[in-house]
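Sequence first, then the predicted structure:
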Amino acid sequence: MATKRISDEPAFILHQYDWSESSLILETFTRHYGRVALVAKGAKKPTSNFRPVLLPLQPLRVTYTIAGEGHGEIHALKGAEWVGGHIMPMGDALLSGLYLNELLMRLLAREDTHAPLFDIYGGVVRVLASEHGEALEPVLRSFELVLLREIGLLPDLHAETTTLAPLAPDARYTLVAEGGLRAAAAGERSTLAGSHWIALHEALADDPNRFTATLRALMGAGIAGELKAQLRALLQYHCGSQLLRTRQLMMDLQSL
């Protein structure tokens with residue numbers, strides 16, 4: 001049976017679980033191959049070179065082998081190297097990073113390539129590991145929007161979804177799971193002006209770095225809470241009825 005070797009692939013670890021007394025299954029997010037499952041044999045042994053490297057929210061380069069056709073299978077990890085560049089996020093930043101990982105685990109199909117999403121994810125992780133402050137919310141919303149776009153769940157944001165009528169800049173619109181972007185009802189909460197949706201649409205079609213900057217400016221104009229509520233509701237709908245574990249944990253901590 002032919003074996004293919006993938007070398008020095010940029011990757012992040014999304015989740016890991018026991019495979020045997022000494023080995024782990026890793027769910028990884030790679031730049032060129034999407035979400036890939038790898039078995040790290042012997043990774044739990046005290047002498048394993050993998051132990052200090054296989055951490056979430058850290059940029060890695062991995063080498064692994066694929067046997068046979070390889071689609072949807074668990075591949076064998078042969079090497080992992082920490083790329084470096086930042087420390088592990090802590091506190092709220094760590095929870096935010098685990099939230100991103102849970103979204104990727106729930107919404108990405110195995111081995112479906114999403115290089116733009118990988119790049120946005122890497123940028124968010126760097127912010128999470130820094131003195132992020134007010135930069136955190138814009139990069140999280142950027143990630144959520146790019147994720148929804150990449151997996152085909154984000155409608156065009158310059159027109160009403162059902163009628164295809166162009167948005168009126170001064171009218172209010174809301175993004176809903178089953179109806180896309182529609183005109184807001186009188187008194188409806190969590191809505192944005194047509195001009196804001198159009199700006200988001202244009203920014204999404206532009207360079208990802210400019211998109212984040214545009215989103216930061218829009219959120220500074222007062223759309224942060226409304227946009228967050230709509231995106232979180234849309235993501236929860238597509239993740240299923242069970243509440244995201246990271247969101248439940250955040251809610252539990254806030255109630256203490």
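Yes, it's here.

And the helices in the stretch 51-200 of the chain?
With DSSP state H, counting those that start in this stretch as the criterion, the stretch 51-200 of the chain has helices at 91-107, 115-128, 136-150, 194-204.

Let's have the ones you listed in JSON lines, adding distance to residue 41.
Just so you know, the C-beta spots here come from the backbone N, C-alpha and C atoms, and that holds for glycine as well. What follows is those, written out as JSON lines (distance: least, C-beta to C-beta, whole Å):
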{"stretch": "helix 91-107", "distance to residue 41": "22"}
{"stretch": "helix 115-128", "distance to residue 41": "26"}
{"stretch": "helix 136-150", "distance to residue 41": "32"}
{"stretch": "helix 194-204", "distance to residue 41": "41"}
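
Just put those in a markdown table and tack on distance to residue 30 and mean pLDDT.
Conversion of the helices of the stretch 51-200 of the chain to a markdown table gives the following (distance: least, C-beta to C-beta, whole Å; pLDDT from 0 to 100):
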| stretch | distance to residue 30 | mean pLDDT |
| --- | --- | --- |
| helix 91-107 | 11 | 90 |
| helix 115-128 | 7 | 90 |
| helix 136-150 | 14 | 89 |
| helix 194-204 | 23 | 92 |
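
Now for residue 228: which residues touch it?
With contact taken as C-beta atoms under 8 Å, 6 or more residues apart in numbering, residue 228 is in contact with 137, 141.

so is it in a helix, a strand, or just coil?
Classification of residue 228 by DSSP: H, G, I helix; E, B strand; the rest coil places it in helix.

now it: how far from residue 136?
As judged by C-beta to C-beta, to the nearest Å, residue 228 and residue 136 stand 12 Å apart.

go on, residue 210?
Shown here: residue 210 relative to residue 136, a distance of 19 Å by C-beta to C-beta.

so which helix or strand takes in the residue nearest to residue 199 when sequence neighbours are not counted?
Leaving out its chain neighbours, the residue that sits closest to residue 199 by C-beta to C-beta, 6 or more residues apart in numbering is residue 218, at 6.0 Å. Element membership for residue 218 (DSSP states H and E) is helix 208-218.

and the longest strand for this protein?
The longest strand of the chain (DSSP state E) is strand 3-18.

Next up, the contacts around the nearest residue to residue 227 once chain neighbours are set aside.
Closest residue to residue 227 apart from its sequence neighbours, by C-beta to C-beta, 6+ apart: residue 141 at 5.9 Å. By C-beta under 8 Å, 6+ apart, residue 141 lies in contact with 215, 219, 224, 227-228, 231.

circling back to that earlier point, was I right about the residue nearest to residue 199 contacting residue 198?
No - in this structure, residue 218 is not within contact of residue 198 by C-beta atoms under 8 Å, at 10.8 Å.

list residues touching both of those two?
Among the neighbours of residue 218, none is also in contact with residue 198 (C-beta under 8 Å, 6+ apart).

Not counting its neighbours along the chain, what's nearest residue 168?
Per C-beta to C-beta, 6+ apart, closest to residue 168 is residue 194, 5.0 Å.

and that neighbour, how many residues sit next to it?
By other C-beta atoms under 10 Å, 21 other residues sit near residue 194.

I'd like to know how far it sits from residue 239.
Relative to residue 239, residue 194 is positioned 28 Å away (C-beta to C-beta).

Could you do residue 45 as well?
Residue 45 is 35 Å from residue 239, by C-beta to C-beta.

neighbour count winner among these two?
A direct count of neighbours by other C-beta under 10 Å for residue 45 and residue 239 places residue 239 higher, at 16 against 13.

How about the more buried one: what's its closest non-neighbour residue?
Nearest to residue 239 is residue 106, by C-beta to C-beta, 6+ apart, at 4.6 Å.
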